[in-house]
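> This is a predicted model, with the sequence first.
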Amino acid sequence: ETGVTQTPRHLVMGMTNKKSLKCEQHLGHNAMYWYKQSAKKPLELMFVYNFKEQTENNSVPSRFSPECPNSSHLFLHLHTLQPEDSALYLCASSQDQGNSPLHFGNGTRLTVT
Amino acid sequence: ILNVEQSPQSLHVQEGDSTNFTCSFPSSNFYALHWYRWETAKSPEALFVMTLNGDEKKKGRISATLNTKEGYSYLYIKGSQPEDSATYLCAFMRNYGQNFVFGPGTRLSVLP
């Protein structure tokens, strides 16, 4: 049990679909993150929320839309994705946006057809 | 663009062997370095948080050292076991409040 839960674990969607990824943490952390892991590439930061405010948007295309309704929940809304968006999407949280270690979820394996 | 490199990309060792691998990062500014272990079908798990030049951290058979002046950190595993098989990631923070940049990882396979 990592303390960070992501759903769904696997998702297959067409390019015209709209879907959402969900992340939940009950560690009392104030910062939450979305990372993307593409094949043979390092973990790539997408978005950061600190105290529910977005503090980082790492030049992510607008077809990815994050939402952080409270410090415990983070969503990634997906629409009109491309096949190259197929990847593992990891959520993480940390006590703050400083030096605290990241706690990761198990990820959502996304396939765009 | 920050470049964080790890070497080797992958390695295979026999059970009982000791091994080490490297994380390299820019030496101009340093705030923190983290090591994570990522086992297949699991989530990355923090191993060490390192902040000071000369830091040496240990957790069981795994230890790590840090040289901020030359921009590298070593991770050592003594007496490797099959359960040590995983991808080991390092993550570098240049300044406080900036986000971590991850290296590509070293994939370790320990053969029984």
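Thanks, I have the structure now.

> All the helices of chain A, residue numbers only.
Using DSSP state H, no helices are assigned anywhere in chain A.

> residues from it in reach of chain B?
Proximity of chain A to chain B, by Cβ under 8 Å from any Cβ of the partner chain, involves residues A:2, A:4, A:33, A:40-45, A:48, A:56, A:90, A:97-107. Placement of C-beta: from N, CA and C, glycine included.

> Give me the buried entries from the residues you listed.
Among these, those classed as buried by 16 or more other Cβ atoms under 10 Å in any protein chain shown are A:2, A:4, A:33, A:42-45, A:48, A:56, A:90, A:97, A:99-107.

> now residue B:24, nearest residue through space, not along the chain?
residue B:5 (4.5 Å; Cβ to Cβ, 6 or more residues apart in numbering or on different chains).

> The one you found touches residue B:71, doesn't it?
No: Residue B:5 lies out of contact with residue B:71 (Cβ atoms under 8 Å); the separation is 9.8 Å.

> The two - which one has more neighbours?
The neighbour comparison of residue B:5 against residue B:71 (other Cβ atoms under 10 Å in any protein chain shown) goes to residue B:71, with 18 against 15.

> That one and residue B:64, how far apart?
For residue B:71, the distance to residue B:64 (Cβ to Cβ, to the nearest Å) stands at 15 Å.

> do the same with residue B:54
For residue B:54, the distance to residue B:64 - Cβ to Cβ - is 12 Å.

> Show the pLDDT at the closest residue to chain B within chain A.
Using Cβ to the nearest Cβ, the closest approach of chain A to chain B is made by residue A:101 at 3.6 Å. We have a pLDDT of 94 for residue A:101.

> quick one: it and residue A:94 touch, right?
Yes: with contact defined as Cβ under 8 Å, residue A:101 and residue A:94 form a contacting pair (6.6 Å).

> Give the rounded mean pLDDT of stretch A:44-63.
Stretch A:44-63 shows a mean pLDDT of 88.

> Stretch B:43-58 now?
On average, stretch B:43-58 scores 95.

> Which residue ranges of chain B form strands?
Remark: strands assigned in chain B by DSSP state E are B:5-7, B:10-14, B:19-24, B:32-38, B:45-50, B:56-59, B:62-67, B:72-77, B:86-93, B:101-102, B:106-111.

> any idea how far the closest residue to residue A:40 other than its chain neighbours is from residue A:42?
Leaving out its chain neighbours, the residue that sits closest to residue A:40 by Cβ to Cβ, 6+ apart is residue B:104, at 7.9 Å. Separation of residue B:104 from residue A:42 (Cβ to Cβ): 5 Å.

> do the same with residue A:97
Distance of residue A:97 to residue A:42, computed by Cβ to Cβ: 20 Å.
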